[in-house]
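Peer 1: got a predicted structure plus its sequence, pasted below:
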Protein chains: 4
Amino acid sequence: MKNDLTGLQQSVSLQSAPTRAARLRQMIGGGELQLAMEAHNGFSARIVEESGFPLIWASGLTIASSLGVRDHNEASWTQTLGVLESIVESTSLPVLFDGDTGFGDFNNFRVLVRKLCKHEAAGVTVEDKLFPKLNSFAGGKQQLADPHEFCGKIKAGKDSQTDPDFCIVARTEALIAGHSVAQALERAELYRQAGADAIFIHSKESTAEQILAFASEWSGRLPLVVAPTMYYRTPPKVLEAAGVSIYICANHNLRACLRAMRMVCRQIMADRNIVAVEDSIGTIKEIFDLLDYSELDAAEARYLGVAAKT
Amino acid sequence: MKNDLTGLQQSVSLQSAPTRAARLRQMIGGGELQLAMEAHNGFSARIVEESGFPLIWASGLTIASSLGVRDHNEASWTQTLGVLESIVESTSLPVLFDGDTGFGDFNNFRVLVRKLCKHEAAGVTVEDKLFPKLNSFAGGKQQLADPHEFCGKIKAGKDSQTDPDFCIVARTEALIAGHSVAQALERAELYRQAGADAIFIHSKESTAEQILAFASEWSGRLPLVVAPTMYYRTPPKVLEAAGVSIYICANHNLRACLRAMRMVCRQIMADRNIVAVEDSIGTIKEIFDLLDYSELDAAEARYLGVAAKT
Amino acid sequence: MKNDLTGLQQSVSLQSAPTRAARLRQMIGGGELQLAMEAHNGFSARIVEESGFPLIWASGLTIASSLGVRDHNEASWTQTLGVLESIVESTSLPVLFDGDTGFGDFNNFRVLVRKLCKHEAAGVTVEDKLFPKLNSFAGGKQQLADPHEFCGKIKAGKDSQTDPDFCIVARTEALIAGHSVAQALERAELYRQAGADAIFIHSKESTAEQILAFASEWSGRLPLVVAPTMYYRTPPKVLEAAGVSIYICANHNLRACLRAMRMVCRQIMADRNIVAVEDSIGTIKEIFDLLDYSELDAAEARYLGVAAKT
Amino acid sequence: MKNDLTGLQQSVSLQSAPTRAARLRQMIGGGELQLAMEAHNGFSARIVEESGFPLIWASGLTIASSLGVRDHNEASWTQTLGVLESIVESTSLPVLFDGDTGFGDFNNFRVLVRKLCKHEAAGVTVEDKLFPKLNSFAGGKQQLADPHEFCGKIKAGKDSQTDPDFCIVARTEALIAGHSVAQALERAELYRQAGADAIFIHSKESTAEQILAFASEWSGRLPLVVAPTMYYRTPPKVLEAAGVSIYICANHNLRACLRAMRMVCRQIMADRNIVAVEDSIGTIKEIFDLLDYSELDAAEARYLGVAAKT
């Protein structure tokens, strides 16, 4: 891995290198399942990159959670976008942004898409629920948007992107809202016709039965994206065989943090001492390495050396 | 633990409850060592509170790291303040904010102190280095501020606080910069005379020798604050006996996250499957509980029921 | 006028002075018509204060316009709140914040109200339209919210305020949407029963006929707020006699800027010279005086003198 | 003028159109004097564009003032950048950003330059004073940076830009700080050698004597930029003949607003009525036209018509 920020930036300016959006587009249409790993800030994004994932999922749930609020549009869209900015700037990977419902109507989505392109996001998912949306696993009423109005939103987004490779992934919550696979298919087909680049089919079942039924009927009309948080036992190979392109590990970094911080906090409080946790946590040096502090030394030599020499 | 946001807010409005700043002031002067635990966002702050710590340390290093940048004032002070805001709103605990050097001169520090009071921070630490500061453990040149100019900064801060209990903790980096304990004492005494509420004496040695020498000579002229990241083997009891009031676990939550995310990311990539990590990470339900999603259901019944009934 | 920032802040901390919310509450219920003047940033707020107005209107239209976007929730609620923060910090006046529809459902409004109390806004108006709202004068479809759902929003807001004097002003757009005065009255009565502190009755007619008919029938059940942008010819005395408490000059500062900047820009371009505009615009010294630069000199003497003397 | 936002964005994506930075580079090196007009938010930027100026000056003084704070780095660099973002998104013109001192050391300036390139600023000015800087006209001590350290900052900035046409304009405050023209020339020459794209020579004298002496000796080694706020009587033609490329009308829009808002506020308060000011201020319709509300109607027909038709 290359953590050098200057290096990242320089690679961006090379005209010949494919953009992040182009890389996402290639992954989505490449015929092989790709793993996308969740990040909720620049720090976790760095870990995703160093671990070898080809794609980052900037999750609405985990970004909201890290901000200490609920995944119910309690954070504003610009707050969430600020986190996306930090994620993009911290890595060289393509980032797929969880755009919720687009944060309003077609016009809010246009504003969002333009900002995402400027911030060099590779793509966005937009789902057919109403603003403010509630997390798909949180129960409550999950009211779907009118599918035709949602098609207008997709079309508005496609017309607004300033990077031709930017991907708009239409996510249907039909299964989440308790509708049938047939209804999900009907919506997905409308979204395809409206110009979506891929379909995100979501389910909260503990098996992939619905997803596989959907995929079978869908027959590869567009690439498929899934987030198997609940049906995690289904092997990715099975989903790949069914036509899934992007397999999103949607919240696993935050969940790792939750477990780890709880253990560390509890042990320190129980011991009233930090000595016992020292070996089970990362080091200060690891933080410095991850964020490339050594580049600062090199830069100081380069830019302050000018002053020093004279 | 009580995670109910409405509850938190209501408690704030009770006139009789001591403010967060008053609680910090009491801890600092209470004669017993108190553990402060690091948080770098609202999510980690929630875990600190549920674990029973009485105080949160809003760390400059970990906030910068979580934003994906280096602890060298690469994040702006308002970005850092935004994280503080999220931490304060996510808990009912007092929060001690890592104010670096005050982000400029005495006037920048005045602006900061007014904002911190508005955001209900309980106190701030301000250190005698130059802006932009480099993390104390990152090596490099650690140039100290003129002590008299720094005294003006402390005085300006004290004159600007709008909450009388807000605490300004003067942090001397004399030992970090390679100066003697005597010089650290000389600076600390000046800062005391300038109005500081406590002295944060920092060291990067692997033993507490310097700190204990300082504390012995200091003789309790003001309460002491320490962050024993490097001399973690020293039992808190020893530091308490030497007169330390606040013992800051300065970066342990982020370090827990670093280790945990690395393990999870590497395992998922190695397995190309998420099934194996499922049992070693927190659950979606734990996230929902931590952020009190059930309060939403109750609120919907209360506020949408008005509509439903008619 | 007192521009001294330190002075402002100190007055805030005096327990005996009435809060901004208390002052707004007193104005609303005081039986006399009060003029509220629009501000769209800290600079215009300073001018409102020095001109002697007792109240600032933080207008959604002019804040959005100054940000270069349309009054259709193209700016996020936190961006708008950032402007409010700048307005409040720049003056000692009470500020009534234009809360649009509350930026979502009852829960978004709760989040907003808590933030507004923290930012020391004196009150908020919330209108019975759907998110994203379009400016009332912009034509288009102006779809009203279900009145009972809107009552839940008012109630949620009232339950969430942390300052007991904070005012929630329910604004009905019934007349804007083409409904009758009777329907406006029906909605206003429901909002009163839900706990609103005042009613904002809005109209885009060029005369006050509708407003006066409403006020007559309303008979002072709660104080009334108006923004006579379109029926500007109606003397405030007439509205006061009809029971209006707050008369909002809703956009006049931005409109003054628009005209003035156009004239200056056109003249400079026509002349290709700045000399001719010099006498028709403010001076640099006036800017410095408005923002109290002389306080900096005094503060430097005070806080850097400590360093200088030693 | 073309206000259509969609149009603006589409033009951006056309590969053949010169970028904003390329247009600034061309102006700077074009041999003719160009007028840059100040903007402090998206609204004023729109007026600058419609008036025919080829270049916008995003002024530190007027942005700080509009935020209600002093031009002494009381606003954070990200707050100022947020205003720049709004200015860029509101126009199609190149924008030259007032980068103060770079907001810290060479590394802060690197971070800034990367962000400016992402936000599509055309260039930045950076001045040889210390952070926090005080406005050049505000008196006080105006302490200059070490010229060699400043050269490191320029070099760091040049190495960090991701758009090859982005311009870094080195601004010397030597004359402002009371130094001689010879000293200003010496600094300017060092900055040229360090890689600056142009030299901003600043003066607070009421005549252009110093500037013309500087320009004469400079002999066009690099293009020159000036802001003749104080020597406004000097005809631009005279400066052009001396080799000036960019003539910045540095604060005239805000000063126009100041005068206009004061007049309107005072009259309304004196009359206790808004009727008299109506004809001397812009109209609501002018606001709507400036921000292109009609585009919304067209877009609704296009994107909601999809829903309507089915």
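Peer 2: Ah, there it is.
Peer 1: what bits of chain A have low per-residue confidence?
Peer 2: A:1-16, A:306-310 (pLDDT under 70).
Peer 1: how are the helices of it distributed by residue range?
Peer 2: Secondary structure of chain A by DSSP state H: the helices cover A:5-13, A:20-28, A:42-51, A:60-66, A:77-90, A:106-118, A:147-160, A:181-194, A:209-218, A:236-241, A:252-271, A:284-290, A:293-303, A:305-309.
Peer 1: so for D:D297, which of these sits nearest?
Peer 2: helix A:106-118 (11.2 Å; CB to CB). The way it works is simple: take the backbone N, C-alpha and C, and place the C-beta from them, glycine included.
Peer 1: what angle separates the closest one from helix A:20-28?
Peer 2: 100 degrees (axes from the mean of the first three to the mean of the last three CA atoms, to 10 degrees).
Peer 1: just so I know, which of the helices of chain A lies nearest C:P94?
Peer 2: helix A:77-90 (26.8 Å).
Peer 1: C-alpha coordinates for that closest one, PDB please?
Peer 2: What follows is helix A:77-90, C-alpha atoms only, in PDB (Å, rounded to 0.1, in the frame of the first residue of the first chain):
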ATOM      1  CA  TRP A  77     -26.700  15.600   4.000                       C
ATOM      2  CA  THR A  78     -23.800  18.100   4.100                       C
ATOM      3  CA  GLN A  79     -22.500  16.500   7.400                       C
ATOM      4  CA  THR A  80     -22.600  13.100   5.700                       C
ATOM      5  CA  LEU A  81     -20.900  14.600   2.600                       C
ATOM      6  CA  GLY A  82     -18.200  16.000   4.900                       C
ATOM      7  CA  VAL A  83     -17.400  12.500   6.000                       C
ATOM      8  CA  LEU A  84     -17.400  11.300   2.400                       C
ATOM      9  CA  GLU A  85     -14.900  14.000   1.600                       C
ATOM     10  CA  SER A  86     -12.600  12.800   4.400                       C
ATOM     11  CA  ILE A  87     -12.900   9.200   3.100                       C
ATOM     12  CA  VAL A  88     -12.100  10.100  -0.500                       C
ATOM     13  CA  GLU A  89      -9.100  12.200   0.500                       C
ATOM     14  CA  SER A  90      -7.700   9.500   2.700                       C
END
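Peer 1: what packs against it?
Peer 2: Judged by 3 or more CB pairs under 8 Å, 6 or more residues apart in numbering or on different chains; DSSP states H and E, the packing partners of helix A:77-90 are helix A:42-51, strand A:55-58, helix A:60-66, strand A:95-98, helix A:106-118, helix C:77-90.
Peer 1: ignoring the adjacent residues along the chain, who's closest to the residue most central in space within chain A?
Peer 2: With distances taken as CA atoms, centre = their mean, A:W57 lies nearest the centre of chain A, 1.9 Å away. Closest residue to A:W57 in three dimensions, ignoring its sequence neighbours and counting by CB to CB, 6 or more residues apart in numbering or on different chains: A:A36, at 4.4 Å.
Peer 1: turn the helices and strands packed on helix A:77-90 into TSV, including distance to C:P223.
Peer 2: Conversion of the helices and strands packed on helix A:77-90 to TSV gives the following (distance: least, CB to CB, whole Å):
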stretch	distance to C:P223
helix A:42-51	49
strand A:55-58	46
helix A:60-66	38
strand A:95-98	44
helix A:106-118	34
helix C:77-90	22
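Peer 1: quick one on the thing from earlier: beta partners of the residue nearest to the centre of chain A?
Peer 2: On the basis of DSSP bridges, A:W57 is bridged to A:E38, A:L96.
Peer 1: that one is in contact with A:L35, isn't it?
Peer 2: No - using CB atoms under 8 Å, A:W57 makes no contact with A:L35, being 9.6 Å away.
Peer 1: for A:E205, what are its contacts?
Peer 2: Counting by CB atoms under 8 Å, 6 or more residues apart in numbering or on different chains, A:E205 makes contact with A:175, A:230-231.
Peer 1: tell me which of the helices and strands packed on helix A:77-90 sits nearest to D:C151.
Peer 2: helix A:42-51 (30.8 Å).
Peer 1: the closest one vs helix A:77-90, what angle?
Peer 2: 40 degrees.
Peer 1: anything in helix A:42-51 near chain D?
Peer 2: No - if you take CB under 8 Å from any CB of the partner chain as the test, helix A:42-51 misses chain D, and the best it gets is 13.0 Å.
Peer 1: do the same with stretch A:148-164
Peer 2: Yes - using CB under 8 Å from any CB, we find that stretch A:148-164 touches chain D at A:148-149, A:151-153, A:155-156, A:159-160, A:162-164.
Peer 1: list the buried residues for that stretch?
Peer 2: A:148-163 (16 or more other CB atoms under 10 Å in any protein chain shown).
Peer 1: A:I56 is in contact with A:G42, isn't it?
Peer 2: No - with contact defined as CB under 8 Å, A:I56 does not count as touching A:G42 (10.7 Å).
Peer 1: who's more crowded, those two?
Peer 2: A:I56 (28 against 23; other CB atoms under 10 Å in any protein chain shown).
Peer 1: can you redo the helices of chain A as CSV with distance to C:H119?
Peer 2: Output for the helices of chain A, formatted as CSV (distance: least, CB to CB, whole Å):
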stretch, distance to C:H119
helix A:5-13, 35
helix A:20-28, 37
helix A:42-51, 27
helix A:60-66, 21
helix A:77-90, 16
helix A:106-118, 24
helix A:147-160, 32
helix A:181-194, 40
helix A:209-218, 45
helix A:236-241, 47
helix A:252-271, 29
helix A:284-290, 34
helix A:293-303, 36
helix A:305-309, 43
